[in-house]
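Asker: Here's a sequence, model it:
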Amino acid sequence: MPFMRSAFADLLEPLDRRVVARVVRGHDGDHGVGGGDNAWTCRRHLTCLLFAQFAGLTSLREIVEGLGAHSAQFYHLNLRAPCRSTLSDANRDRPAAVFRDIAAALIPVAAGALRREGEALIRLLDSSPIPLKDSRFAWAEANARTRGLKLHLLYDPRHGRPVWFEVTSAKVDDVVAGRAVPLEPGATYVFDKGYTDYRWWSEILAAGAFFITRRKRNAHRREIGEAAAEGTQDAGILSDRTLKIGHRRPRGGATNPLYEVSLREIVVARPDKAEPLYLLTNDCNRPAAEIAQLYKERWDIELLFKWIKQNLKIRRFLGRSENAVKMQVYVALIAFMLLRILHHTAARAFKASTALLLTQLKIGLLSPFNLRKTTTPPPKPPWRRPPNPQPCLAFQ
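Answerer: Numbers count the residues shown, from 1 in each chain. Now for the predicted structure:
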């Protein structure tokens, strides 16, 4: 019988072995595991955790039993039957940075698979908390809202892929993590008022990029130039004006680099609230209605966080250490990008949502991937079969 690759093998195809091996060597991820056929390497560890993400498994026992039921697939997946103690020790001791760098190396692969020519570079920036309220997560730090970790993400809504990510303590402010975002010339960065930092905004301007954000209520405004918002009544644009923002030396501290820079403020009516939105941007060429629509698209990254938490496993964790929790978050991001790549390559004929594709994959994860919904009908009994057209000799 000819070999047919499973759906799980198709999902793992974008993971370049050479890239994975280079990342593992950089962090000495296989230290102490040996080099035999039974060595629990980083590659096997990653494959096992990805299997748990795609199959919806939430405990070490489920992973061991689930893989043990498909031992015939181990050879082609370069796996072996894991033990719970082996998995637990690897989650606790193996550097989570290995999986972080593998996820970062997968970002340009996803960009090539999902690329569309001629589209503007739009980047949505936001963060989402990962609550760790159990007393067994004693290492987790807390902010004013929750205790645990925080996932910071830069998202490309046009291609539906992450561009940059970081996992930090919940105590780290959004703007502190946002300063590490890679800036691309010509890109437009859309974020909420939690990322207010005039020095960082000046770096965006210096990089030849644009930003769209909300103005804080207590922001100091100067030299306001009013302009009529003509032809934008249907879009809810109340005003489109120029201004300068901030003090020269706020509270006697460092000099404000945006003190002499003219920005654009767009006032947008909100049907559900009496107070309008005050949007700030350095983009003076786009129409006001388009800028308001771009800020409205910021909701897409909120939907992405919701999708990841509902469809992948980052609510219940396989380990209690900080290393194990971060490792599982990184593996969830790898699983999301692999799923998006499959949906736009081998499964591009699947017209439903990515969540429904994941549901179909769960049912037959280790079976050959087939989108055709045709099935072979059962054989008919002999008395219902059509007569044989081949001539037969009748012997007397």
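Asker: hang on, T242 in a strand?
Answerer: Yes - using DSSP: H, G, I helix; E, B strand; the rest coil, the assignment for T242 is a strand.
Asker: Now do the contacts for it.
Answerer: 223-225, 227, 262-265 (Cβ atoms under 8 Å, 6 or more residues apart in numbering). Every residue, glycine included, has its C-beta placed from N, CA and C.
Asker: Tell me how far it lies from E223.
Answerer: 8 Å (Cβ to Cβ, to the nearest Å).
Asker: Show me whatever sits in contact with both of those two.
Answerer: With Cβ under 8 Å, 6+ apart as the test, T242 and E223 both reach S262.
Asker: Would you map the helices across the stretch 101-250 of the chain?
Answerer: For the stretch 101-250 of the chain, the helices defined by DSSP state H, counting those that start in this stretch occupy 174-178, 198-206.
Asker: okay, those in a markdown table with distance to K306 next?
Answerer: Below are these laid out as a markdown table (distance: least, Cβ to Cβ, whole Å):
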| stretch | distance to K306 |
| --- | --- |
| helix 174-178 | 18 |
| helix 198-206 | 27 |
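Asker: Could you dump those into a markdown table and include distance to A346 and mean pLDDT?
Answerer: What follows is the helices of the stretch 101-250 of the chain, written out as a markdown table (distance: least, Cβ to Cβ, whole Å; pLDDT from 0 to 100):
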| stretch | distance to A346 | mean pLDDT |
| --- | --- | --- |
| helix 174-178 | 35 | 94 |
| helix 198-206 | 38 | 94 |
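Asker: Out of those helices, which one sits most buried?
Answerer: When you average the neighbours per residue for each of those (mean count of other Cβ atoms under 10 Å), helix 174-178 leads with a mean of 18.
Asker: Could you pick out the buried ones from the contacts of T242?
Answerer: 263-265 (16 or more other Cβ atoms under 10 Å).
Asker: Narrow these to those in strands?
Answerer: With DSSP state E as the criterion, strands contain 263-265 from among the buried ones among the contacts of T242.
Asker: which one among these gets closest to D30?
Answerer: Nearest to D30 among those: L263, at 51.3 Å, using Cβ to Cβ.
Asker: So in the chain, which helix runs the longest?
Answerer: Of all the segments of type helix in the chain, defined by DSSP state H, the longest one is helix 322-344.
Asker: Kindly format the C-alpha coordinates of that one as PDB.
Answerer: The C-alpha trace of helix 322-344 is given here as PDB (Å, rounded to 0.1, in the frame of the first residue of the first chain):
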ATOM      1  CA  GLU A 322       7.000  30.100  34.100                       C
ATOM      2  CA  ASN A 323       9.100  28.300  31.500                       C
ATOM      3  CA  ALA A 324       6.300  25.700  30.800                       C
ATOM      4  CA  VAL A 325       3.600  28.400  30.500                       C
ATOM      5  CA  LYS A 326       5.600  30.600  28.100                       C
ATOM      6  CA  MET A 327       6.500  27.500  26.000                       C
ATOM      7  CA  GLN A 328       2.800  26.600  25.600                       C
ATOM      8  CA  VAL A 329       2.000  30.200  24.500                       C
ATOM      9  CA  TYR A 330       4.800  30.200  21.900                       C
ATOM     10  CA  VAL A 331       3.600  26.800  20.600                       C
ATOM     11  CA  ALA A 332       0.100  28.100  20.300                       C
ATOM     12  CA  LEU A 333       1.400  30.900  18.100                       C
ATOM     13  CA  ILE A 334       3.300  28.400  16.000                       C
ATOM     14  CA  ALA A 335       0.100  26.300  15.600                       C
ATOM     15  CA  PHE A 336      -1.900  29.400  14.500                       C
ATOM     16  CA  MET A 337       0.600  30.300  11.800                       C
ATOM     17  CA  LEU A 338       0.900  26.700  10.600                       C
ATOM     18  CA  LEU A 339      -2.900  26.600  10.400                       C
ATOM     19  CA  ARG A 340      -3.100  29.800   8.400                       C
ATOM     20  CA  ILE A 341      -0.400  28.700   6.000                       C
ATOM     21  CA  LEU A 342      -2.200  25.400   5.400                       C
ATOM     22  CA  HIS A 343      -5.500  27.300   4.800                       C
ATOM     23  CA  HIS A 344      -3.900  29.400   2.100                       C
END
